[in-house]
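*Asks:* predicted structure and sequence below. I'll ask about it afterward.
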Amino acid sequence: MTLVRSQDSARRREALTEPVARYERMYEIRTFEDRINELFARGLIHGTTHLCAGQEALDVSLALELRATDIVSATYRGHGIALALGMSPTDVLAEIMGKADGCAGGVGGSMHLAEPDVGLLPTFAIVGAGLPVAAGAALAFQTRREDRVAVSVFGDGAANIGAFHEALNLAAVWKLPVVFVCDNNVYAEYSRIDITTPLTDLHRRAGSYDIPGVPVDGMDVGATRAVLREAVARARAGEGPTLVEAKTYRFAGHSRADQATYRPAGELDMWRERDPVTLARDALVAAGTATEDDLATLEKAVREELDAVVEAVTALPEPEPAAMFRNIWAPAVPA
């Protein structure tokens, strides 16, 4: 069975220019992650998975400010970025569920999404690994004199490893067209930032490399988009990198197996008051752009569409074992 894509990636990307469509994408990402959580509990997703609920504003802001020819290196918490950049829920879910129709043929899974057509490099399971890769892509763009920008999205924990400092230093020295986006969601896996890092305002580390370091409320689409717009424009103009620190919060634990019992009492409730999906919804109603009934109808349609996607993807075939040996660099060993 081959599924017909409901929308091509270009149309999905272009739709974000409209405010209600931006909210629709954020709601889609949140609902998609809810479905992933349910499917994992039913044993239909193998390995583990890392949910991005709470970080939708950053995902959509990135898609709004980048061109399809730009590239993004993201982490294993990348479902929302993939959907925001234009990948269809079908392609993303099929990969997560290990189906042959997935974006990586079902052999990458939740942690290794990829789609060159929307600028998404294979997402990284190694903490911080995408930083030097994005710098390398930016060097290629600069060398070939291409009007393209690379973006590395990484978590606060990655700011404490060598690759972070090496990538920022190199990019600063050579003024590479790259934007480093730290998705500071308070926790590096299971460790709260203030017990592992003496400087919790991570954007201040940019000063060591003489590049701009900018904090932003990562729960607010408008604020995040404005900061990213300036950073991307600076990179595209040949003025070098920027370190953006988006202050966000993950509503789920580190991985699906993590119940996040280490969180202080009341912390999650406090951050839920800044839920980016709720804030975006309230802003539309307050501005008169949409009514409560309009948005309720939209949300119902999104839920129904994703239910249909889940049903269809569940019935798709799994890849043949030989798929493991495609797209590799070394030739097969003779028998």
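*Replies:* That came through, no problem.
*Asks:* now the helices: where do they sit in the stretch 151-300 of the chain?
*Replies:* Applying DSSP state H, counting those that start in this stretch to the stretch 151-300 of the chain gives helices spanning 162-174, 221-236, 267-272, 276-286, 292-314.
*Asks:* rebuild these as JSON lines, extending it with mean neighbour count, mean pLDDT and distance to residue 21.
*Replies:* In this view, the C-beta of every residue, glycine as well, is placed from N, C-alpha and C. Compiled in JSON lines, those are given as follows (neighbours: other C-beta atoms under 10 Å; pLDDT from 0 to 100; distance: least, C-beta to C-beta, whole Å):
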{"stretch": "helix 162-174", "mean neighbour count": "19", "mean pLDDT": "98", "distance to residue 21": "33"}
{"stretch": "helix 221-236", "mean neighbour count": "20", "mean pLDDT": "98", "distance to residue 21": "12"}
{"stretch": "helix 267-272", "mean neighbour count": "13", "mean pLDDT": "93", "distance to residue 21": "24"}
{"stretch": "helix 276-286", "mean neighbour count": "17", "mean pLDDT": "97", "distance to residue 21": "11"}
{"stretch": "helix 292-314", "mean neighbour count": "15", "mean pLDDT": "97", "distance to residue 21": "9"}
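*Asks:* redo the ones you listed as a markdown table? Include distance to residue 142.
*Replies:* Below are those laid out as a markdown table (distance: least, C-beta to C-beta, whole Å):
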| stretch | distance to residue 142 |
| --- | --- |
| helix 162-174 | 7 |
| helix 221-236 | 10 |
| helix 267-272 | 38 |
| helix 276-286 | 33 |
| helix 292-314 | 39 |
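*Asks:* avg pLDDT for stretch 42-51?
*Replies:* Taken as a whole, stretch 42-51 has an average pLDDT of 92.
*Asks:* endpoints of it, how far apart?
*Replies:* Chord length of stretch 42-51, first to last residue, is 16 Å (C-alpha to C-alpha, to the nearest Å).
*Asks:* gap between that stretch and the chain center?
*Replies:* 18 Å (C-alpha atoms, centre = their mean, to the nearest Å).
*Asks:* ok, back up a step: for residue 85, find the nearest of the helices of the stretch 151-300 of the chain.
*Replies:* Residue 85 lies closest, by C-beta to C-beta, to one member of the helices of the stretch 151-300 of the chain: helix 221-236, at 13.4 Å.
*Asks:* ok, back up a step: so which of the helices of the stretch 151-300 of the chain gets nearest residue 205?
*Replies:* Nearest of the helices of the stretch 151-300 of the chain (C-beta to C-beta): helix 162-174, 7.7 Å.
*Asks:* by contact count, what packs against that closest one?
*Replies:* Judged by 3 or more C-beta pairs under 8 Å, 6 or more residues apart in numbering; DSSP states H and E, helix 162-174 is in contact with helix 130-143, strand 178-184.
*Asks:* got the contact list for the first one?
*Replies:* Outside of helix 130-143, the residues that reach it under the criterion C-beta atoms under 8 Å, 6 or more residues apart in numbering are 71-75, 121, 123-124, 146-154, 158, 163-164, 166-168, 170-171, 174, 176-178, 180, 235, 241.
*Asks:* winner for burial among the helices and strands packed on helix 162-174?
*Replies:* strand 178-184 (a mean of 28; mean count of other C-beta atoms under 10 Å).
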